[in-house]
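# next comes the sequence, and after it the predicted model I'd like to discuss.
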Amino acid sequence: MFPHEEKLIKERLGREPNEVENAMLEVMWSEHASYKSSRKWLKLLPTKNEHVILGPGEDAGVVKFDENTAIVVGIESHNHPSAVEPYGGAATGIGGIVRDILCMGARPIALLDPIRFGPLEKERNRYLFEYVVKGIADYGNRIGVPTVGGETEFDESLDSYTLVNVACIGLMSPEELVHSYVEESGLLLVLVGNKTGRDGIHGVTFASEELSENADRSAVQIPDPFTEKLLIEATLEALKTGKVKALKDLGGGGLTCASSEMAGKKGFGAIIYADRVPQREPNMNPMEVMISESQERMLFAVRKEDLNEITKIFEKYELEWVVVGETIEKPRYIVYWGDEKIADLPIDLLADVPTIEWEAKPYSIEKEVKTPEISVEEALIRVLSSPNIIDKEWVYRQYDHEVQGRTVLKPGLDAAVLKINDEYGLAFVSDGNPSYSYLNPCHGAMSAVAEAVRNLVSVGAKPLALVDNLNFASPERPEVYWSFIETIKGLRDAAKAFDLAYVSGNVSFYNEVGNKPIKPTPVVAALGRVKLENITTMDFKSEGEMIGIVGITKKELGGSELYRVLGIDGGVAPKVELEREKKNAEGILKAIELGLVKAVHDVSKGGIAVALMEMALAGGVGFEVDINKVPVKGELSPVEVLFSESQARFIVSFNKEDLEKLRELFDEFAVIGEVKGKILLFKNKEEELARLSLEKAQEFYNSLPKLLGEEE
Amino acid sequence: MPKFAVIVFPGTNCDFETVSAIKKAGGKAERVWYKQSLKDFDGVVLPGGFSYADYLRAGAISARAEIMEEVKALAGEGKPVLGICNGFQVLTESGLLSGALRPNKIPRFLCRWVYLKVSDTQTAFTQFYEEGEVIRMPIAHAEGNYYADDLSKVKIAFQYSDEKGSIVEEANPNGSLLNIAGISNEKGNVLGMMPHPERASDKWLGSEDGLKVFKSMVEYAKR
């Protein structure tokens, strides 16, 4: 808390808060809980359209899939805890977002994990990477929610740090929606799940500061997936009774946050009997009980006469429960410890946190750089074996991505698809481009949205909704705050161009590594709806197919994977032209609907070269392309054509007889080669630029276990 | 129509899709909480998941639950008992099948699709397959490495194979003895398998090869 805030609290309260009150206020007024530095800007984002049932404001957003089906979606970060204790931090990140989905009334059906680390050459980064993945796997697998995708990225700027985001979706029918707030007094507040321990004390405060040298592992919560699984089933069974009046999970800010938000949102108050809370450790004091962030706990509001029916369900699942308080008419937040009243605050003092607007200072670091002399072949090998490009099989094989029996498109493709009914599936994907955002925060943010949309349409899905997770350094740094505002503007413009809304989101500030700010890292997760029979994949299907490119290639290599492997920090980041993005995406959807394409893949990291190689490796068949046929704007060398990361581009394969029909769908379309043999062959007119056997390419592509020092 | 109990222990997580697969195969199926009774059921499926979070050893705690006495009685009467993944681990832990499932040779969780050769069509769960038929379904486990000192009390039902049905080392995902993916008791009415047939019972999910496990079981229970 800042001094001016302490002063304000004292004024509003008319006295000094006592120790317990102060701890609760500190938690609720933290950046992480209050969004005080971001709230004003987040209002710029579009949050409503015909697909939105419930936008931001509760634990997760709700999207209409069809008349009978709603999708709940949310995204969270667990960066600070994971950087200190990767296993527990990543695992409890899953637990938290799953309960957010659950408390809207939905069964959690899939997870995505966008995770980012420093270079794998360093032991500390390998440790963070391996244990974050293990934390995700052990938790997600045990609760029976499939992890179907995500991103894994490595960058020098994250040395000894990690960004662990997680998105989750849930499935329900629209009338099953349950709110997180009460609309009557006299309701019992029932706390169910794990006992409360000393773990995660001040977790949100911890997440609202830069990490110090001696970061406190006790601020990280302890994961217990077994209880979470029981909590999922018990909650869903309790909701079936129709007698749950409000439901909220205990996450950041613990019992204080959950109960005060539940009671206060519509103007009611609450009395909490803190001594009733089951304690995991002896002699916990009231303050610890009120702000502990122990995991796997939910708060139910029920009428007295329904208590028995609901708690019987908890007992069936052997979950401990206690009536921890009640809602009252008066808008006060009162806490008792035995007979002693230990806190008594106006309830809105906890929630009503004034916004802070920090100084914002623009910066401009984009400038032309000369691409170094490098042969196409060398560039190919270096990029193809970069940890950011290579196959992430090592990661997703550890995740149960099949449980619940819905996973139609598995990890490693453009987007995951989950079967929702016999006719339609839900596509789910996440994207972020911090290396572009670093150079140009606005276009970097737009590119995250654009790439997510391209991923969705590549599998044949029509985009439905977005969620955003904004990972930034300290907002108190003027350049960072400016980049945050630019990011919001980019996210807004891109969403508007595609007629999409953000239904939920998260902001994580104060991500710094040894006093150095991280790159602006907006991560976007997107949902789409796809007819199962239209699902298209990126693998080349058979020899003789023609290869075409949609879109224009420009000299845009700033933030590209080629520049990264060459150690070039600068350059000009790809610019997003929203009209062009939209047109090309619509063209792809049309082409898929008409059955004109065999394979579709969006062009992103690593440019055309990587897109083509991924399509070949997925299909087990080679190609021959002439890069001279790639439509370009400006002067580009062959290496630049192949590795530029210009936006709005796709590679497609198709049968010759469909060429004319396909051409009609796009303003920018060119045939560049054909699917052929077992060789990846890049030519410039007649000149051979590079030739790589499928086998050799596969070897580079599968090199992650080797990078981790494992023999396979 | 025969009715099957799909037993739900705390931490079981493949119960819903297993019920769906049995129904698709023409049987009746219900999720049965481990404290309920198995009376009136014609067969039992122990589905996959992490019962008791794999604490102690995978399947060890569930194997000692009271309901397992009923499962044993049912198996003794010759009714079909199928254990999938964690269910297989429960069957070996409870002694209904001999042998043990050790940690994978690379000791971590592994989720991927595999080919299986059907090695025995004379069980309650494989009668609709052809002898030697090669089928595809996913595995998802950390302890699936089957081992037994003595194989005389079991019959090998499924073996990890390559696409053509050859039982080769490269096709063995977890280090199992003789590439064993599934075994039955001598009578063939109790079968445990690590691969998930319920995840291969829908064309949209990649394969319908697993459906015949449930169809065979339903047909067997009719007798």
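Received the coordinates, thanks.

# you'd agree residue A:486 is up against residue A:445?
Yes. Between residue A:486 and residue A:445 there is a contact under CB atoms under 8 Å: 7.3 Å. All C-beta atoms are positioned from the backbone trio N, CA, C, and that covers glycine.

# neighbour count: those two, which is higher?
residue A:445 (33 against 22; other CB atoms under 10 Å in any protein chain shown).

# so what's that one closest to, chain neighbours aside?
For residue A:445, ignoring the flanking residues on the chain, the nearest one in space by CB to CB, 6 or more residues apart in numbering or on different chains is residue A:490 at 3.1 Å.

# gap between that neighbour and residue A:524?
Distance, residue A:490 to residue A:524, by CB to CB, to the nearest Å: 10 Å.

# distance between the one helix or strand the residue nearest to residue A:445 maps to and the chain's centre?
In this structure, residue A:490 sits in helix A:478-497 according to DSSP states H and E. Put simply, helix A:478-497 sits 17 Å off its chain's centre (CA atoms, centre = their mean, to the nearest Å).

# nearest to chain B: which residue in the stretch 451-600 of chain A?
The nearest approach of the stretch 451-600 of chain A to chain B comes at residue A:532, 5.5 Å away (CB to the nearest CB).

# now do the phi/psi pair for that residue.
phi -60, psi -40 (degrees, to the nearest 10).

# residues near it, how many?
A total of 17 residues lie near residue A:532 under the criterion other CB under 10 Å.

# surely it and residue A:425 touch.
Yes. Assessed by CB under 8 Å, residue A:532 is found in contact with residue A:425 at 5.3 Å.

# shared neighbours, these two?
Counting by CB atoms under 8 Å, 6 or more residues apart in numbering or on different chains, the residues touching both residue A:532 and residue A:425 are A:408, A:419, B:204.

# out of these, who's the most crowded?
When neighbours are counted by other CB under 10 Å, residue A:408 leads those with 22 neighbours.

# who does the helix or strand containing it pair up with?
Residue A:408 is part of strand A:407-409 when elements are defined by DSSP H and E. Applying DSSP bridges, strand A:407-409 is found paired with strand A:416-419 (antiparallel).

# keeping just the C-alphas, turn the strand it pairs with into CSV.
C-alpha atoms of strand A:416-419 as CSV (Å, rounded to 0.1, in the frame of the first residue of the first chain):
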residue,chain,number,x,y,z
ALA,A,416,-6.9,-27.6,-30.1
VAL,A,417,-10.5,-28.7,-30.9
LEU,A,418,-12.9,-30.2,-28.3
LYS,A,419,-16.0,-32.0,-29.3
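
# which SSE is immediately downstream of it?
Defined by DSSP H and E, the subsequent element after strand A:416-419 is strand A:424-431.

# what about residue B:73, neighbour count?
11.

# what's the spacing between it and chain A?
Look at residue B:73 and chain A: by CB to the nearest CB, to the nearest Å, they are 24 Å apart.

# pretty sure that residue is in a strand, no?
No. Read with DSSP: H, G, I helix; E, B strand; the rest coil, residue B:73 is helix and lies in no strand.

# and it, how far from residue B:37?
Using CB to CB, residue B:73 is found at 11 Å from residue B:37.

# chain B contacts on the stretch 301-450 of chain A?
Proximity of the stretch 301-450 of chain A to chain B (CB under 8 Å from any CB of the partner chain) is limited to residues A:316-318, A:396-408, A:410, A:419, A:425.

# phi, psi for the nearest residue to residue B:84 once chain neighbours are set aside please.
In space, and not counting its chain neighbours, residue B:84 is closest to residue B:48: 5.0 Å by CB to CB, 6+ apart. Backbone geometry at residue B:48, expressed as degrees, to the nearest 10, gives phi -80, psi 180.

# doesn't residue B:14 make contact with residue B:48?
Yes. With contact defined as CB under 8 Å, residue B:48 reaches residue B:14; the gap is 3.7 Å.

# which residues do those two both contact?
Counting by CB under 8 Å, 6+ apart, the residues touching both residue B:48 and residue B:14 are A:403, B:84-86, B:196, B:198.

# next step: those restricted to strands.
Judged by DSSP state E, strands contain the following of the shared contacts of residue B:48 and residue B:14: residue B:84.

# identify the residues contacting the strand holding residue A:408?
Residues contacting strand A:407-409 (CB under 8 Å, 6+ apart): A:110, A:146, A:148, A:401, A:415-419, A:425, A:427, A:459, A:532, A:535, A:537, B:204-206.

# so for it, what's the average pLDDT?
Here strand A:407-409 scores 97 as its mean pLDDT.

# how about the helices in the stretch 51-200 of chain A?
Here the stretch 51-200 of chain A has its helices, by DSSP state H, counting those that start in this stretch, at A:79-84, A:86-102, A:123-143.
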